[in-house]
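Peer 1: I would like the atomic coordinates for the input below:
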Amino acid sequence: MQHQTGIFWFRQDLRLSDNSALQMALTQCATVILVYILDSNTRPLGGASRWWLHHSLQSLATDIAARGGTLNVYQGDATLIIKQLVTQHQATAVFWNRCYEPDAITRDKTLKADLSAGNIHVHSTNSALLLEPWQNLKADQTPYTVFTPFWKNLKHQAIATPVSPVSHFPHSPFLATASGIAALRLRPEIPDWAGGLCTTWQVGEQAAWHRLEHFLSNALEGYPDDRNRPDVQGTSRLSPHLHFGEISPRQIWHFLSPQRSGVTVDKFLSEVAWREFSYHLLYHFPTLPATNWRKNFDHFPWQPDAPLLKRWQQGKTGYPIVDAGMRELWYTGWMHNRVRMITASFLTKHLLQPWQDGEAWFWDTLVDADMASNAASWQWVAGCGADAAPYFRIFNPVLQGQKFDPHGDYVRRWLPELADISLTCVHSPWLQGGVAHYPAPMVDHDMARKRALSAFDSIKQSLFSKAAGENKV
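Peer 2: Got it, this is the predicted structure:
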């Protein structure tokens, strides 16, 4: 043992298997103080994420207690709390797994420098990604901005083997200064809107493995096609477990590695790699969550309109596939990925609402709200991100519904007012004269498409005019 007392800081790694920094702490320290801090200096979690975090911490605390340890929970300024714990308990080492959000990077660098100046050993490792963002670069050592070459390079890299799970905590004390999980007040109380979340999800490390095993047994074979079908259970739904670190991408990668020669497995792992790509972009372009990656979109003529945004949020647009997605999101804290693209396209292109407003709503309502994936995906759909879908690619919500919900099962599940509508009109109820208690379309698709294209053209024209003017000077 190199240290008598060390501190391990849980963050987005709420598991006891493949937890590199935790294993390091247990190897190097006689006593390991286990800490989770709800940090007041990073982006506040949305409501759905807070609900998930409550249950994830409960699950983690139970797993730790079963192995003889104690999880000590705090909230406030994480930097200050870690420093206080080091002083109070004469710790000589602090361990954590790295986070990649800009505020977290700034916090961790500052804290590491301050602790190191006081002769406290700080050890940070990667347990959240397949590779560090600085490890998968182009030949000229610049970051990838297109997914396909990023993925081609990644899948030929050596991915570290997951570390063994913790079986026992020999000395992990309870701290009198810690609060209980309930004191974080993460769950909604009045009103308690989380009934749908409770009936939809099982949370925690064991639940993550059950989710993976269920997917492999029931949906992996049809994944390349079914992943686009919201009316069937064709995806893994592992995203919230990955975000909170209840399972790691390394574990998924190596669990599936014996089958990696298959097209189906390769397709699934490429979706895991899309998450990786999002973190790669966030690390190299830290303004991604708030500002356009393609700077020409800084001149885009958005038309912010609070009532329009609210109708989209409430699933009252009059387009069934859009409304079904928004109601699924509100009830379950999750939305099928194909429908996420459709709803995001509708908001940014049919309604000309800023993508940041959609990102903020997803941040508040998704149990898998993830700064990297959320920002990269919204910018991708809006046309202003790296490797983005062209702005002129404007989803027709009727055709998208007909293609990916061909029997209308998904729409009828989430829009009970359309339960008895005919198949020919389930994605365009106005064709049969409308339906009671369901709104007419809030915007005509053809008109909205032309307006969006005109708005995009105005960017090109304004930039051209600006450049011409500069040339005259």
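
Peer 1: Can you list the low-confidence ranges for this structure?
Peer 2: Low-confidence segments of the chain (pLDDT under 70): 1, 258-261, 461-473.

Peer 1: What residues sit buried inside stretch 282-289?
Peer 2: Across stretch 282-289, burial judged by 16 or more other C-beta atoms under 10 Å covers 282-286, 288-289. To be clear about C-beta, it is placed using only N, CA and C from the backbone, and glycine gets the same treatment.

Peer 1: so how far is residue 234 from residue 434?
Peer 2: 32 Å (C-beta to C-beta, to the nearest Å).

Peer 1: Who has more neighbours out of these two?
Peer 2: residue 234 (20 against 12; other C-beta atoms under 10 Å).

Peer 1: isn't the more buried one right up against residue 226?
Peer 2: Yes - applying C-beta atoms under 8 Å, one finds residue 234 in contact with residue 226, separated by 2.8 Å.

Peer 1: Give me the common contacts of these two.
Peer 2: residue 219 (C-beta atoms under 8 Å, 6 or more residues apart in numbering).

Peer 1: Only C-alpha atoms, please: export stretch 411-419 in CSV.
Peer 2: The C-alpha trace of stretch 411-419 is given here as CSV (Å, rounded to 0.1, in the frame of the first residue of the first chain):
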residue,chain,number,x,y,z
VAL,A,411,-48.8,6.3,-33.2
ARG,A,412,-51.9,4.6,-31.8
ARG,A,413,-50.0,3.6,-28.6
TRP,A,414,-49.1,7.2,-27.8
LEU,A,415,-52.1,9.0,-29.3
PRO,A,416,-55.1,7.1,-28.0
GLU,A,417,-57.4,9.7,-29.7
LEU,A,418,-56.2,8.1,-33.0
ALA,A,419,-56.8,4.5,-31.8
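
Peer 1: now that stretch: how far from the chain's centre is it?
Peer 2: Computed by C-alpha atoms, centre = their mean, to the nearest Å, the chain-centroid distance of stretch 411-419 equals 27 Å.

Peer 1: what's the answer for stretch 129-140, then?
Peer 2: Worked out by C-alpha atoms, centre = their mean, stretch 129-140 lies 20 Å from the chain centre.

Peer 1: State the helix or strand in which the closest residue to residue 392 other than its chain neighbours lies.
Peer 2: Leaving aside its sequence neighbours, residue 392 sits nearest to residue 453 (C-beta to C-beta, 6 or more residues apart in numbering; 6.0 Å). Using DSSP states H and E, residue 453 sits in helix 445-472.

Peer 1: same question, residue 65
Peer 2: Here residue 65 is assigned to helix 47-66, by DSSP H and E.

Peer 1: same for that helix, what does it pack against?
Peer 2: Applying 3 or more C-beta pairs under 8 Å, 6 or more residues apart in numbering; DSSP states H and E, one finds that helix 47-66 contacts strand 29-39, strand 71-76, helix 195-200, helix 205-218, helix 355-365.

Peer 1: now the residue nearest to residue 392: how far from residue 352?
Peer 2: Going from residue 453 to residue 352 by C-beta to C-beta gives 11 Å.

Peer 1: Of the helices and strands packed on helix 47-66, which is nearest residue 90?
Peer 2: The minimum distance between residue 90 and the helices and strands packed on helix 47-66 falls on strand 29-39, with 10.1 Å, by C-beta to C-beta.

Peer 1: Report the buried residues of the closest one.
Peer 2: By neighbour count on 16+ other C-beta under 10 Å, the buried set for strand 29-39 is 29, 31-39.

Peer 1: From start to finish, how long is stretch 324-340 in a straight line?
Peer 2: 11 Å (C-alpha to C-alpha, to the nearest Å).

Peer 1: which residues touch it?
Peer 2: By C-beta under 8 Å, 6+ apart, stretch 324-340 touches 48, 51-52, 196-197, 200-201, 227-230, 235, 237, 239-240, 312-315, 317, 321, 342-343, 362, 365-368, 377, 400, 404-405, 410-411, 413-415.

Peer 1: Just the buried ones from these?
Peer 2: Among the contacts of stretch 324-340, those scoring as buried are 48, 51-52, 196-197, 201, 227-230, 235, 237, 239-240, 312-313, 315, 317, 321, 342-343, 362, 365-368, 377, 400, 404-405, 410-411, 413-415 (criterion: 16+ other C-beta under 10 Å).

Peer 1: burial measure for residue 145, as a count.
Peer 2: Neighbourhood size, residue 145 [other C-beta under 10 Å]: 18.
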